[in-house]
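In: Sequence first, then the predicted structure, then my questions.
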Amino acid sequence: MIRLMSSLESILLRGRRTIAVRVGFTVVLSLLIPAAWGASDFRFDGVHRIVAVADVHGAYEEFVSILRETAVIDDALHWRGGETHLVSLGDLVDRGPDSRKVLDLVMRLELEARNAGGAVHVVLGNHEVMNIVGDLRYVPGAEYASFAGKEDAEQRELVWQHIREQEPDAVRAEFDSQVPQGYFAQRAAFAPTGKYGAWLLAHPFLIVINDTAFVHGGLPPLIAKLGLDASNQRLHTELTDYLQTWSADQEELKLARPIEFDDRLAAVAAHGIEQQVKKLREMQEADLFTPNSPNWYRGQALCYPYTEAENLDAALAALGVSRVVVGHTPTPTRTVVSRFNGQVVLLDTGMLQSYFKGRPSAFVFEGGEWRVAYADRPAQRSQPEVPPRAVGARPAGLDDDALEQWLKEAEVVNIEALDTGVTHPRRVTLRKDGVELRAVFKDLSVDSLPSSGLAESDSSDRFEYEAAAYRLDRLLELNMVPVTVERTVDGKRGILQFWVDGAINVRRMLEQKKVPAGDCDTGPQYNLMNVFDLLTDNSDRTQENALYTKDWMLVLIDHTRAFRTDRTKPHLLYKGEVYVPPALAARLKTLNREMLQQALGAYLKRQQIDRVLRRRDLLLKDYVAHPVPAEHVTR
């Protein structure tokens, strides 16, 4: 094979007794990657049986167990699936000890399936890309050890001698401690011309079978913009451009030591060549290495549905499919989950049990229907589960319906005053069934403020409005207001609202100069807050009562001054233009007086319910035509 590698990889290849002919890195990649991928490479129709698995992460035995359960392989680990199409959603490697065994099995099954009239499809996950480019943060010691041997020892010695040529004072013991045994053989195997690297580079990021898309992380806006073929071409171009750029830098700068992905910019900058630093930075900031890539994106897995539905609908339309099946994000219940009314199936159930405490699963299409298979439930098939509402982290299994009952029944073990707010809230610690949680208790219910000159509902400060806001949030399926229940505490009637531990309010976030770093953009979340505040006429949204959870999801608290009946618009914390997403607009249209009376009648007067419907109509009239600007200003 005509080929060229970097200075370090040339050494590795000499250790493998291979002659390196330096004729240009681009030529190498053109030999490994199809030059004109088209729809036939990414789209497959008329498939009668599909078995999809996600995120094996080197869990060889667990992987084998689900392949057996779904009749893909026989007891001797050979293909028995006939015309079945097996799909891996990526992340076959890393974290677990047997990535090499997993890859060898999949590569063999790919050939056996083809000969039997079936197929094995592998879409690249972020961990495959990381191994190809040398981002090795998640390669365990056991994985390196599987590559150790005579070949690795020869490669190690060659690299060491090259380092000594550049650094006469280098210490061998330090080198051996920093680079694990098996490292060099592993890097050679995942190089663009290595056994695994070459094989992986010939696979796409996204495929479509029948009416279903399969991708590792999710469908970012890039997919809606480019479609199936162009997205795959674009991402592969970014990958090969990066490999070419980094190889050229290593060769020119004669870098002998292994350099981790995150350290490469600094290594090139140390040589004072700004142009090369700029180019490498551009390569590392390409979509492929960011949440904008389908192998990193988590929008459909984690974000509020109303912030993501528009993008999802556009992406599905661009691909011409009904649903997408994704991995990458382990489900909290370690069961297969569906979101967006079945348009999204989350298949990462934590197959690597030693790390994720999950189980092997598969999504199986046969007999014209999709069903879920679990290795620990032989011969049983089920539907994906719908994730229950759960605003704020709490013990597993305690969803918001269960939490409501828990807050009503749990023993109060401590009450403490909170030095905040005019409603004199108290923090209550409760305990039940071995679980201890906290909640905020409010009992202030002031009908009117003296000499205000305002109608009662426009000047009141009532704990009942907290319950009304929670119930309205649930009606809208907004999922931003924590569980709120009525309860008598210390002889006083009021509400308990679940305390979201670990949250930070916007004021403290700004004071501490923290920048939200979650998987879901803040702008669309702030916009949902604006819509809710306009709908409820909340006159008291402040930086203190807009909270972010640990994973930077916005939570809304303190609605004791909402549900006014005057005609003035509230001051909005987020100063961007308001936009009602189509899915939320459709939900708002379903609200009627009977529905609101049933849900909110215990907390609001008839006139207040009328005003909610009136504000709903204004939202639908005025705020459905334009997106929210990226900037936001708080007051």
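Out: Arrived safely, thanks for sending. Residues are numbered from 1 along each chain as shown.
In: which of the residues in stretch 427-434 are buried?
Out: Val428, Thr429, Leu430 (16 or more other CB atoms under 10 Å). C-beta here means a position set from N, CA and C on the backbone, and glycine is covered the same way.
In: Looking at those residues, which one is closest to Phe563?
Out: Val428 (24.5 Å; CB to CB).
In: Tell me which stretches of the stretch 301-450 of the chain form strands.
Out: Along the stretch 301-450 of the chain, counting by DSSP state E, counting those that start in this stretch, strands occupy 323-326, 337-339, 344-346, 361-366, 369-374, 411-417, 426-432, 435-442, 445-446.
In: which residues sit against the last one?
Out: Under the contact criterion CB atoms under 8 Å, 6 or more residues apart in numbering, strand 445-446 has outside partners Ser460, Asp461, Arg462, Phe463, Glu464, Gly494.
In: In a strand, the last one, correct?
Out: Right, the one you point to is Gly494. Yes. Judged by DSSP: H, G, I helix; E, B strand; the rest coil, Gly494 forms part of a strand.
In: how much space between the nearest residue to it once chain neighbours are set aside and Arg164?
Out: Excluding its sequence neighbours, the residue lying closest to Gly494 (CB to CB, 6 or more residues apart in numbering) is Asp443, at 3.2 Å. Distance of Asp443 to Arg164, computed by CB to CB, to the nearest Å: 76 Å.
In: For the most centrally placed residue in the chain, which non-adjacent residue is closest in space?
Out: Most central in the chain under CA atoms, centre = their mean is Arg298, positioned 2.6 Å from the mean C-alpha point. Distance criterion CB to CB, 6+ apart; nearest residue to Arg298, sequence neighbours excluded, is Asp519 at 4.0 Å.
In: is it true that the one you found touches Gly299?
Out: Yes. Taking contacts as CB atoms under 8 Å, Asp519 lies within contact range of Gly299: 7.1 Å.
In: can you count the residues close to Arg108?
Out: Neighbour count of Arg108, defined by other CB atoms under 10 Å: 14.
In: Tell me how far it lies from Arg114.
Out: Using CB to CB, Arg108 is found at 11 Å from Arg114.
In: just for the stretch 301-450 of the chain, where's the confidence low?
Out: Low-confidence segments of the stretch 301-450 of the chain, defined by pLDDT under 70: 421-423, 448-450.
In: Recalculate using a threshold of 50.
Out: For the stretch 301-450 of the chain, the stretches with pLDDT under 50 are 449-450.
In: quick one, strands of the stretch 151-300 of the chain?
Out: Counting by DSSP E, counting those that start in this stretch, the strands of the stretch 151-300 of the chain are 206-209, 212-215.
In: Check which helices and strands the last one sits against.
Out: Contact here means 3 or more CB pairs under 8 Å, 6 or more residues apart in numbering; DSSP states H and E; on that basis strand 212-215 packs against strand 206-209, strand 323-326.
In: got those as a markdown table, with mean neighbour count and distance to Val612 columns?
Out: A markdown table is the format used below for the helices and strands packed on strand 212-215 (neighbours: other CB atoms under 10 Å; distance: least, CB to CB, whole Å):
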| stretch | mean neighbour count | distance to Val612 |
| --- | --- | --- |
| strand 206-209 | 22 | 43 |
| strand 323-326 | 24 | 34 |
